[in-house]
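Visitor: Everything below, folded, please.
(one chain, ligands or ions: 1)
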Amino acid sequence: MAPISAPHFVIFPFMSQGHTIPLLYLGRLLRQRSVAVTIITTVGNSPCIRDSLRDSDIKIVELPFPQEINGVPPGVESTDKLPSMALFIPFANSTQLMQQDFEDTIQNLDQSVTCIISDTILGWTQKSAAKFGIPRLVFSGMGIFSTTMYQILLKNRPHAGTVSLDTPFLIPDFPKLKLTRNDFDPPFCEIEPTGEFADFMVEQSIAMEKSDGLIVNSFYDLESIYVDYWNQKFGPKAWCVGPLCVAKPQCTTAVEKPLHMQWLDGKFEEGEPVLYVSFGTQAKLSSEQLLEITTGLENSQASCLWVLRSEGGKYLPGFEKKVKKRVMIVREWVDQMEILNHKAVKGFLSHCGWNSVVESLSANVPILAFPMIAEQHVNARLLVEETGVGLRISPSNGSCRGFVEAKEVEKMVKELMEGEKGMTLRQKVEEIREAACAATVDGGSSWRSLNFLIDDVCGKRFSQMYSYSTKNEELLARPLGQDILAINSK
Ligand SMILES: O=c1ccn([C@@H]2O[C@H](COP(=O)(O)OP(=O)(O)O[C@H]3O[C@H](CO)[C@@H](O)[C@H](O)[C@H]3O)[C@@H](O)[C@H]2O)c(=O)[nH]1
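Guide: Residues are numbered from 1 along each chain as shown. Have a look, this model is predicted:
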């Protein structure tokens, strides 16, 4: 009889906070199902990952990050530390130089590899997976609505006849949906996208199509028609296994509450609702835009907790003094989930990065959308027009993309925090939160989807040996018999 061996998934996140954090949660969910997990990362990113997984037995393997990459300062191994997003392509392309080390690692791990889960931006890993005959599942970090819209744009070109970036066009098969080219980030807003970014993304897209599945940090009820559509028209098969943030462990060690959490406690005691403000880890605001936002927040009279690290310190000292009682500015990394789940937080002024979206909805917090880059404008459409869980701040030029004035920020913050529209949103957000919870508990759609995914990758054998449960934290997948055959002997 072959040796007993449980499935072993190798997870290789892209070096970017918004792409890594959800995959660490996924690793935890796989561990809860008795799947062995190895995370591949770089030397520079590993301390952070090790710290975040310190309570877990997930294995972490470090590979050296390529050196002397055109324009990328030495030591920068994560996109949020890039001095400019213009360096994104050299940074992302340089990861291909890790291929040999990655393949050596795959071959030399103690346990044979059942499946590779890697980021869409690490498209080259598809070739490595194919070389060893290992299934590769892709993770892009995006929701399936935006993924589908980008794919429709690429394949069906519904925007081909538009005269301007703001001319609305219909989306085939979705007659109620209208988008503009400005919903898509450059170069995809062009009718014929060209250049190194376009070429790079087409390459990643081809690698995705050759892969064995797409893991989505979402849940079926949130984007059901787009999940079905994707699975019928495109592929690879989308597995909605989120919100992955449900796997975030509770902090059990007694640590002193950070000042901003104490401030939130105080606001809650005063009965003062708080707007949480954060624009994620990648977007950069111009100092002019920052000034409009600060003025708008100040005039709205709302209490705000604003996480603002690198952007425009130039304008903020004065602002901080003026609004000291109502606005708390935090300049370091925060536990965003903890903030969103605080009882005082009643709204989120957000850039609509997908993780922030799912975290906010899971915490029952409606969103005031201020999209900036990447697929965030498309996410904002989903939240505001498709799902009714958000309001949107509109630029003054009538487009969905452009400069936002202070009076618009003020008006929309008031509407979200005190207005009727804000009230209506809250009911819808509550419904979505309930659906998100239902999806992830035992028997829910995401819970089942992850179990089916494991079965699918393991050739249906795993569930015959294990009954899944996420309730027992000690032994979450219960072996039904002792004679477990090798699931993936090489
Ligand atoms: O101080 C902080 C700042 C961020 N976060 C976390 O960092 C993640 C940020 O992710 P996201 O909200 O998606 O923002 P970005 O990092 O900007 O996301 C990039 O990646 C996402 C996933 O692909 C895309 O949806 C976005 O458009 C893209 O900008 C979330 O889990 C946050 O909870 C913290 O915990 N503390």
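Visitor: And for the residue in the stretch 351-490 of the chain that the ligand sits nearest to, the neighbour number?
Guide: Here the stretch 351-490 of the chain gets closest to the ligand at one residue, Gly353, 2.5 Å apart by C-beta to the nearest ligand atom. Placement of C-beta: from N, CA and C, glycine included. Gly353: 26 surrounding residues under other C-beta atoms under 10 Å.
Visitor: Stretch 378-385 - what's its average pLDDT?
Guide: Mean pLDDT, stretch 378-385: 98.
Visitor: what's the answer for stretch 211-230, then?
Guide: On average, stretch 211-230 scores 97.
Visitor: Restricting to C-alpha, output that stretch in CSV.
Guide: Output of stretch 211-230 as CSV, limited to C-alpha atoms (Å, rounded to 0.1, in the frame of the first residue of the first chain):
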residue,chain,number,x,y,z
SER,A,211,-5.0,26.9,-15.8
ASP,A,212,-7.3,24.5,-14.0
GLY,A,213,-9.4,26.9,-12.0
LEU,A,214,-9.9,30.4,-10.8
ILE,A,215,-10.2,31.0,-7.0
VAL,A,216,-12.3,34.0,-6.2
ASN,A,217,-12.5,35.9,-2.9
SER,A,218,-16.2,36.4,-3.2
PHE,A,219,-19.4,34.5,-2.4
TYR,A,220,-22.0,33.2,-4.9
ASP,A,221,-24.9,35.4,-3.7
LEU,A,222,-22.9,38.6,-4.2
GLU,A,223,-22.1,38.0,-7.8
SER,A,224,-24.1,35.0,-8.8
ILE,A,225,-25.1,36.0,-12.4
TYR,A,226,-21.5,36.9,-13.2
VAL,A,227,-20.1,33.6,-11.7
ASP,A,228,-22.6,31.6,-13.9
TYR,A,229,-21.8,33.7,-16.9
TRP,A,230,-18.0,33.4,-16.4
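Visitor: do it and the ligand meet?
Guide: No. No part of stretch 211-230 sits near the ligand under the criterion C-beta under 6 Å from any ligand atom; the closest distance found is 8.1 Å.
Visitor: for that stretch, which positions count as buried?
Guide: Under the neighbour-count criterion of 16 or more other C-beta atoms under 10 Å, stretch 211-230 has 211-223, 226-227, 229-230 buried.
Visitor: on that earlier part again, phi, psi for the residue of the stretch 351-490 of the chain closest to the ligand please.
Guide: Main-chain dihedrals, Gly353, degrees, to the nearest 10: phi -60, psi 150.
Visitor: In strands, which of the buried residues of stretch 211-230 appear?
Guide: Cross-referencing the buried residues of stretch 211-230 against strands under DSSP state E gives Gly213, Leu214, Ile215, Val216.
Visitor: quick one on the thing from earlier: is it true that the residue of the stretch 351-490 of the chain closest to the ligand touches Gly280?
Guide: Yes. Counting by C-beta atoms under 8 Å, Gly353 does reach Gly280; the two are 4.1 Å apart.
Visitor: So for these two, which residues contact both of them?
Guide: Gly18 (C-beta atoms under 8 Å, 6 or more residues apart in numbering).
Visitor: Show me which residues of the chain sit near the ligand.
Guide: Near the ligand, when you scan the chain using C-beta under 6 Å from any ligand atom, you find 17-19, 21, 141-142, 280-282, 307, 333-337, 353-356, 359, 373-376.
Visitor: Show me just the buried residues among these.
Guide: Looks like those have 17-19, 21, 141-142, 280-282, 307, 334, 336-337, 353-356, 359, 373-376 buried, using 16+ other C-beta under 10 Å.
Visitor: Quick one: mark the members of the residues you listed that sit in helices.
Guide: Using DSSP state H, the members of these that fall within helices are Gln17, Gly18, His19, Ile21, Gln336, Met337, Trp354, Asn355, Ser356, Glu359, Gln376.
Visitor: Flag the shaky bits of the stretch 201-350 of the chain, pLDDT-wise.
Guide: Applying pLDDT under 70 to the stretch 201-350 of the chain flags residues 252, 254, 310-315.
Visitor: For the ligand, what's its nearest residue on it.
Guide: Closest contact between the stretch 201-350 of the chain and the ligand, by C-beta to the nearest ligand atom, is at Gly280 (2.7 Å).
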